[in-house]
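S.K.: Requesting a structural model of the entry that follows:
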Amino acid sequence: MLADFVAAIDQGTTSTRAMIFDHSGREVGRHQLEHEQLLPRAGWVEHNPVEIWERTVSVLATALNNTKLGAGDLAALGITNQRETALVWDRRTGRPLYNAIVWQDTRTDSIAAALDRDGRGDVIRRKAGLPPATYFSAGKLQWILENVDGVRAAAERGDAIFGTPDTWVLWNLTGGPHGGAHLTDVTNASRTMLMDLETLDWDDELLSFFGIPRQMLPRIASSSSPEPYGVTQGAGPLAGAIPVTGILGDQQAAMVGQVCLSAGEAKNTYGTGNFLLLNTGEQIVRSENGLLTTVCFRFADAKPVYALEGSIAVTGSAIQWLRDQLGIISGAAQSEALARQVEDNGGVYFVPAFSGLFAPYWRSDARGAIVGLSRFNTNAHLARAALEAICYQSRDVVDAMAADSGVRLEVLKVDGGITANDLCMQIQADVLGVEVVKPVVAETTALGAAYAAGLAVGFWSDPDELRANWQEDKRWAPEWTDEQRATGYAGWQKAVQRTLDWVDVE
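M.R.: Next comes the predicted model:
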């Protein structure tokens, strides 16, 4: 008889959380801990892998304790994660050989630029569905191999191994140096610039572009696996041999959590960045408008399902910037109250291109700008402009998606932390001119990982059960006129142009 609950570990950019769900998809417990953002130089963003692993054990233990559950109450465990962050560690000791280089990090500018100069970039686009960019893992792994003493030699010996955070967490959960499972799923592998979208395997030509030894890489598995990737081993919450049967990159997990399982369905997740995905079914749609072609999910041995994605680097982290660097708000919730003090942006636009611009521009030479300031403007206008920036960047992606796919958005499903900000969601509806709808369970990333794990073991029998779980919580309808929408977006486009050509890329 199956246990009554499924758990998920959501290893994100700013925090790690564990969530526990029942058969109806209802959250019954959670715990979450932030980890430190290490910023050793301008443009560099790192995490401590040991801290991430310690947080993982702690949040799982606390979530179980708070709900008075044990490992035996869990039918399965799923993992979801920040996708393009790169880690390298010693398989014999489990010791990280360098900090995790985070997806936001821009130190690989010159690597990405060189790929486009000599034509290798076109091969990457064709095979991996991605443009050469600092965002993806392969350049980060190349940088570690070339700049950290001893790593290349260890890699050639087979001692140094690579993974994204899902791989690091899974390896440690399932025994670490004592037989830990070294694998990833197709969604995370599709974010490296190293996997062929058609074969779903590491590609030797792509590996040669970055000088990466194949033996460093994890095995690529399905996103939902009836045969567990491994079982938890260790003390405390890990002692119960919980089968780990689901892995999805965070945005693909949110697609599953929002049950966007059919072609034409789309969602936007609001977190550190924004990620808008459109399910394209079993068809690989190659973007001509600055979007990414990615694997959406693969359940067991079924054919893979693909997606178009618009990845935006800085949205929620722009609100953190207002709090931590500028000090004009004391918490994220205060951004709404401050922005409500004004009726509009007062002519101010804030383009938070802190790490360059991602989709649909892919301009690593861009940097953040606040434009249109006059003596009239206040901190409330800046707070409003920060919320609008989240929504205008999403509009950029929606327009590109319509051009690529021919699909015009009728409603936008949303999830993630910023959906608690009513003003921001109203602005999103106004900027897009479509209704915006939020589900009851807004943290759909963890829910999607739980769904993938639960489907694998029969906790949920089929996707129709997942669709039955989805419930609407709130809906926002557009209030702007067409003229307001056009004028506002034209101002945004002018502001974006002011951010370009700021940094000289080698």
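S.K.: name the element the residue lying farthest from the centre of the chain belongs to?
M.R.: If you look at how far each residue of the chain sits from its centre, by Cα atoms, centre = their mean, the farthest one is Arg375, at 38.2 Å. Using DSSP states H and E, Arg375 maps to neither a helix nor a strand.
S.K.: What pLDDT is listed against it?
M.R.: Looking at Arg375, its pLDDT stands at 95.
S.K.: next one: the one 5 residues further on
M.R.: At Ala380 the predicted local confidence, pLDDT, stands at 96.
S.K.: same check, this time on Gln104
M.R.: At Gln104, the model reports a pLDDT of 90.
S.K.: low-scoring stretches of this protein, by residue?
M.R.: 1, 505-506 (pLDDT under 70).
S.K.: again, only using 80
M.R.: Confidence mapping of the chain against pLDDT under 80 gives the ranges 1-2, 235-238, 240, 442, 505-506.
S.K.: show me what contacts Gly368?
M.R.: By Cβ atoms under 8 Å, 6 or more residues apart in numbering, the contact list for Gly368 reads 314, 350-354, 499. Yep, even glycine has a C-beta here, placed from its N, CA and C like the rest.
S.K.: Pull the contacting residues for the nearest residue to Asp415 once chain neighbours are set aside.
M.R.: Spatially, and ignoring its direct neighbours in sequence, Asp415 is nearest to Thr444 (4.2 Å; Cβ to Cβ, 6 or more residues apart in numbering). Thr444 makes contacts with 253-254, 257-258, 267, 269, 415-416, as judged by Cβ under 8 Å, 6+ apart.
S.K.: Phi, psi for Thr444 please.
M.R.: Main-chain dihedrals, Thr444, degrees, to the nearest 10: phi -80, psi -10.
S.K.: What of Val28?
M.R.: phi -110, psi -10.
S.K.: Also Pro177?
M.R.: phi -60, psi -20.
S.K.: hang on, it packs against Trp89?
M.R.: No - using Cβ atoms under 8 Å, Pro177 makes no contact with Trp89, being 9.6 Å away.
S.K.: and these two? which has more neighbours close in?
M.R.: Counted by other Cβ atoms under 10 Å, Pro177 and Trp89 do not tie: Trp89 has more neighbours, with 26 against 14.
S.K.: any idea which helix or strand comes after the helix or strand hosting the more buried one?
M.R.: Secondary structure from DSSP H and E places Trp89 in strand 87-90. Sequence-wise, the next helix or strand downstream of strand 87-90 (DSSP H and E) is strand 100-101.
S.K.: what does that next one rub up against?
M.R.: Contacts for strand 100-101 (Cβ under 8 Å, 6+ apart): 44-49, 52, 85-87, 107, 140, 143-144, 165, 168.
S.K.: what about 7 Å?
M.R.: The contact list for strand 100-101, computed with Cβ atoms under 7 Å, 6 or more residues apart in numbering, reads 46-47, 49, 85-87, 140.
S.K.: What is the nearest of these to Leu115?
M.R.: Lys140 (13.6 Å; Cβ to Cβ).
S.K.: for the closest one, helix, strand, or coil?
M.R.: Assigned by DSSP: H, G, I helix; E, B strand; the rest coil, the conformation of Lys140 is helix.
S.K.: which residues touch it?
M.R.: 86, 101, 105, 108.
S.K.: helices or strands up against the helix of greatest length in the chain?
M.R.: Counting by DSSP state H, the longest helix found in the chain is helix 379-405. If you count contacts as 3 or more Cβ pairs under 7 Å, 6 or more residues apart in numbering; DSSP states H and E, helix 379-405 packs onto strand 274-281, strand 305-312, helix 316-321, helix 334-339, strand 349-351, helix 422-432, helix 482-499.
S.K.: mind redoing it with 8 Å?
M.R.: When contacts are defined as 3 or more Cβ pairs under 8 Å, 6 or more residues apart in numbering; DSSP states H and E, helix 379-405 packs onto strand 266-270, strand 274-281, strand 305-312, helix 316-321, helix 334-339, strand 349-351, helix 422-432, helix 482-499.
S.K.: which residues touch the fourth one?
M.R.: Same thing as helix 316-321. Residues outside helix 316-321 that contact it (Cβ under 8 Å, 6+ apart): 14, 104, 270-274, 314, 329, 332, 335, 350, 352, 354, 386, 389-390, 416-418.
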